[in-house]
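coordinates for the following, if possible.
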Amino acid sequence: MKLDKLKEIVLLLIAIILSAFIIKYLKIFSYLKLILGILVPLFVGFIYAWLLDPLITKLSKGHKRNFICIALFLFIVLVISLFFYLLIPTIYKEISELGEILPSFFNILQRKITDLGLSSYLDRVLNFLLDNIPLYLVNIVKVLFKYLGVTLVGLILGLYMSMDYEVIIEGLNKMVPSKYQCVFTNLTKDVSTEVRKCVNGTLFIAFWVFVMDTILFMIVGLDASLLLGILCGITDLIPYIGPYIGGILAVCVGFTESKMMGIVTIVICVLVQSIENYVLQPIVMSKKMKIRPIIILIGLLLFGNLFGIIGMILATPIIAIIKVSLEHLKLAINKCKE
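Okay, here's the model as predicted:
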């Protein structure tokens, strides 16, 4: 029994490695990036409909599906609106506070660099930043407004897609030759379920990090605690290196207040990250995906090295797809043997 389990793990690892190199060789991510750049609203709409379909299906029993879709959409819009209405003033205030803190942080950094005899390099970096920051800020604002509009259009498309989700999936299944339809339908259904579990688990963990960091930052009195908590939650979506990106910024802000605040901030970040890595991640992901943590870690390292941050974000869903595909292949082989 143990030998069979070991064979399954080895086979899954081989499949993950082969898939990674095939994706790299065929430049699939490049083509996906090009397609998504053109069809972003459609993609956002489909993701919305796909994520909410189980909930809509459950709620629509005994009710009209269209009514449930519209009610749920309006509820989500209301929650998002309330979130921005209540938090934007606080976030704006904290950004202003952060703007007051940063000069003192840069002064401390400048003194340290000068003491090390690297002031000439600092001058070059500062000149580069001063020349390019205005352009970067303008581009960032343009991108934010662009993707905000795209997301809004995508959500509206998602409302209509959620109403006809079953029809869309049925239409996609009919594109497959009739003799393979049954196998294809079962495979896509299981893949969809596994990837949805992966996405839900990742979002849950990121939300937990945001809540815990924000609460603990507020308790110790760290400036811009809500803003820093949000950044920690968002960057946590990037596996492996993401938590350090948000944590480093929080620690820098902490040290601008005092050495003790900086040390306390480090303790908070390490504590929250340790609970996530050694408690939440294994429990949530192993229960949802039923994949050993070592396999997920190897997949993250492999896809991260080959495709960068995008590869790390997509690694876990791809591993889930490979796992389900291998299970269906095993069932098909067993049926052929019978």
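
please count neighbours and contacts with C-alpha atoms only from this point.
Noted.

residues near residue 184, how many?
Residues within reach of residue 184, counting by other C-alpha atoms under 10 Å, total 17.

residues touching the residue nearest in space to the middle of the chain, list them.
Centroid-nearest residue in the chain, with C-alpha atoms, centre = their mean: residue 237, separated by 3.6 Å. The contact partners of residue 237, taken as C-alpha atoms under 8 Å, 6 or more residues apart in numbering, are 202, 203, 206, 313.

measure the last one to residue 279 for me?
It stands for residue 313. 20 Å (C-alpha to C-alpha, to the nearest Å).

which of the two has more residues huddled nearby?
Neighbour count, other C-alpha under 10 Å: between residue 313 and residue 279, residue 313 has more, with 20 against 11.

which SS class is the more buried one?
helix (DSSP: H, G, I helix; E, B strand; the rest coil).

spatially nearest residue to it, not counting backbone neighbours?
residue 238 (5.7 Å; C-alpha to C-alpha, 6 or more residues apart in numbering).

what about the residue nearest to the centre of the chain, which SS state?
Classified using three-state DSSP, residue 237 is coil.

what about it, distance to residue 223?
23 Å.

so how many other residues sit close to residue 229?
25.

wait, doesn't it sit right on residue 213?
Yes. Counting by C-alpha atoms under 8 Å, residue 229 touches residue 213, with 5.2 Å between them.

using CSV, write out every CA atom in stretch 155-168.
Output of stretch 155-168 as CSV, limited to C-alpha atoms (Å, rounded to 0.1, in the frame of the first residue of the first chain):
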residue,chain,number,x,y,z
LEU,A,155,-18.5,41.9,-13.4
ILE,A,156,-21.5,42.9,-15.4
LEU,A,157,-20.6,40.2,-18.0
GLY,A,158,-20.2,37.8,-15.1
LEU,A,159,-23.8,38.5,-14.0
TYR,A,160,-25.1,37.4,-17.4
MET,A,161,-22.7,34.5,-17.6
SER,A,162,-23.8,33.3,-14.1
MET,A,163,-27.4,33.2,-15.4
ASP,A,164,-26.4,31.0,-18.3
TYR,A,165,-23.4,29.2,-16.8
GLU,A,166,-24.9,25.8,-17.3
VAL,A,167,-25.7,26.5,-20.9
ILE,A,168,-22.2,27.8,-21.5
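
mind listing what's buried in that stretch?
Of all the residues in stretch 155-168, those buried under the rule 16 or more other C-alpha atoms under 10 Å are 155, 156, 157, 158, 159, 160, 161, 162, 163, 164, 165.

with distance to residue 56 added, can I get these in JSON lines?
Formatted as JSON lines, those follow (distance: C-alpha to C-alpha, whole Å):
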{"residue": "155", "distance to residue 56": "15"}
{"residue": "156", "distance to residue 56": "16"}
{"residue": "157", "distance to residue 56": "16"}
{"residue": "158", "distance to residue 56": "13"}
{"residue": "159", "distance to residue 56": "11"}
{"residue": "160", "distance to residue 56": "13"}
{"residue": "161", "distance to residue 56": "12"}
{"residue": "162", "distance to residue 56": "8"}
{"residue": "163", "distance to residue 56": "9"}
{"residue": "164", "distance to residue 56": "11"}
{"residue": "165", "distance to residue 56": "10"}
